[in-house]
Structures are given as C-alpha cells and as structure tokens.
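Participant: Okay, sequence plus prediction incoming.
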Amino acid sequence: MRPDHVHDHGHDHGHGTHQAHQAHQAHQAQQGPLGAAEGHHDGADEYRSCQRCGEYAQAALRTTRGGVCICLNCADAYHRHAVCTICAREAASEQHHVATRRQSPLTIPVCLNCHAILSRRQYQWCPAAPAGHVGPPESRPLLYLVQGVLDVVTLWCERSPVADQSADLARLLGRAALLLLPYLRPEAVRELAALVPVGVRP
C-alpha cells in the first residue's frame, strides 16, 4: 500500500530503454498534455505515465483518489532516500530480497519503482505456499537465487543509464555463470531446468 500524498523530489527522469522512451513520448504527444494518465485511457493503460517524473513501468504506477497517475517514488514521503542499484536514481529506497525472503537473506537497495517491477516478476516464478500448508517453505535456494539474480541483471540492463556502455561486461558475466554450472552438484543443476526465460534487449 502506498499513500496518495505526492512528494516531488525534483527529479524529471524517464526510465527504461531509450527507444521505448521515445516511443512513449511520441504516443503522449498524440494524446495531448495529459496523455492517458488522468483517467482518459481509451483502453490503453500501458501508455500511462507518472505525472511527476515520466515513469511508465506499469508495476510502479498508481492512480490517486483524485485520478492522478503517479509512481511509487514520487508518491512516497516516508522511506529514506538512496541511490538505486538498478536505475541509479536517488529516490525512496527499500531492500529487495533477491531470492525471496523465504529462501535467502540476500538483499539489494532499490528504489520503490524498481522494487515493484522486481516483485511483479518474482510473483511469476515464485509460487505462493499452497492453502493449508504447514511448516517451512520448500527449500530451493539455488534455483531461486539464480532466478532472482537473473531478474536483477535483466532489469539493470533495461533501466540503468550505463547499461549500453556495459553490455559486453554483462554478456561476460552471463557466459561465466553458465560455464560454472557444470561444476555444481548434479541435483542442483537439474533444479535450474525450472528457470523462467527472460529477454534482454540487444
């Protein structure tokens, strides 16, 4: 839950790939100064954006009671500010559990917007405990940790301002990780067959 109170931090940054941002701006130009964010969506909610900073990742957007579309970063007035590990924006920050809280204590500091995106992706591959389940959760730390790191790296490639300059490094890390997998115990490698494929822009 996030407050409807708006706290403008003075940042005017869009996020995501340069090409996607250009396409988004072109669409908003066609829609007029308010775009589709003030409730005039004409069935295309995916084009709405934060009225404060231009954020357009749908997982990070909320609509206030007054009908204003705003992102979690701009709406927040309570979290401390820090530089986000993913998008490098100084904004309201909290810790993201990379492999879910149930599987690993590993966390990274991210802004509220990036945290919302990562959490939505996490829900896609981390099933909730079945109804009536008693006892500790199923232990699959290796699978969850690799999948969680994959999500983090992918989102960094999508949103980091230096991702284009670091593409070769990201590819190197990916290849190195794959080369290490055969050295893991066989049962652990079999676990990784459940990894969810993700796309990284070229």
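Facilitator: Nice, I can see it. Numbering: from 1, shown residues only.

Participant: and the closest residue to His115 other than its chain neighbours, how many residues sit next to it?
Facilitator: Closest residue to His115 apart from its sequence neighbours, by Cβ to Cβ, 6 or more residues apart in numbering: His96 at 5.2 Å. For glycine as for every other residue, the C-beta is placed from the backbone atoms N, C-alpha and C. For His96, the tally of surrounding residues (other Cβ atoms under 10 Å) stands at 25.

Participant: Can you read off the backbone torsions of His96?
Facilitator: The phi/psi pair for His96 (degrees, to the nearest 10) reads phi -100, psi 130.

Participant: how's this protein carved up into domains?
Facilitator: 18-75, 81-129+138-194 (automatic domain parsing).

Participant: Now tabulate the ones you listed in TSV and tack on mean pLDDT.
Facilitator: Shown next, in TSV, are the domains of the chain (pLDDT from 0 to 100):
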stretch	mean pLDDT
domain 18-75	67
domain 81-129+138-194	86
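
Participant: give the contact list for Pro161.
Facilitator: Contact partners of Pro161, counting by Cβ atoms under 8 Å, 6 or more residues apart in numbering, are Cys87, Ala88.

Participant: tell me the SS of it?
Facilitator: Following DSSP: H, G, I helix; E, B strand; the rest coil, Pro161 is assigned to coil.

Participant: going forward can the numbers begin at 867, since that is how I track them
Facilitator: Understood, numbering begins at 867; the last thing we discussed is Pro1027.

Participant: Quickly list what the residue nearest to His981 is bridged to.
Facilitator: Beta-bridge pairing for His962 (DSSP bridges): Ile974.

Participant: Was I right to think it contacts Thr973?
Facilitator: Yes: assessed by Cβ atoms under 8 Å, His962 is found in contact with Thr973 at 6.1 Å.

Participant: can you give me the helices for this structure?
Facilitator: Remark: helices assigned in the chain by DSSP state H are 884-897, 938-941, 978-991, 1007-1025, 1033-1046, 1052-1057.

Participant: Tell me how many other residues crowd the nearest residue to Arg987 once chain neighbours are set aside.
Facilitator: Once flanking residues are discounted, Arg987 sits nearest to Asp1017: 5.0 Å by Cβ to Cβ, 6+ apart. By other Cβ under 10 Å, the residues close to Asp1017 number 23.

Participant: residues contacting Asp1017?
Facilitator: Residues counted as contacts of Asp1017 (Cβ under 8 Å, 6+ apart) are Val964, Leu984, Arg987, Gln988, Val1064.

Participant: Distance of it relative to Cys980?
Facilitator: Between Asp1017 and Cys980 the computed distance is 11 Å (Cβ to Cβ, to the nearest Å).

Participant: what about Leu1035, how many neighbours?
Facilitator: Counted with other Cβ under 10 Å, Leu1035 comes out at 11.

Participant: For Arg918, see how far away Arg986 is.
Facilitator: Taken as Cβ to Cβ, the span from Arg986 to Arg918 is 21 Å.

Participant: Comparing the two, which residue is more hemmed in?
Facilitator: Arg918 (20 against 14).

Participant: Setting aside sequence neighbours, what's the nearest residue to that one?
Facilitator: Excluding the flanking residues, the one nearest Arg918 by Cβ to Cβ, 6+ apart is Cys940, at 4.0 Å.
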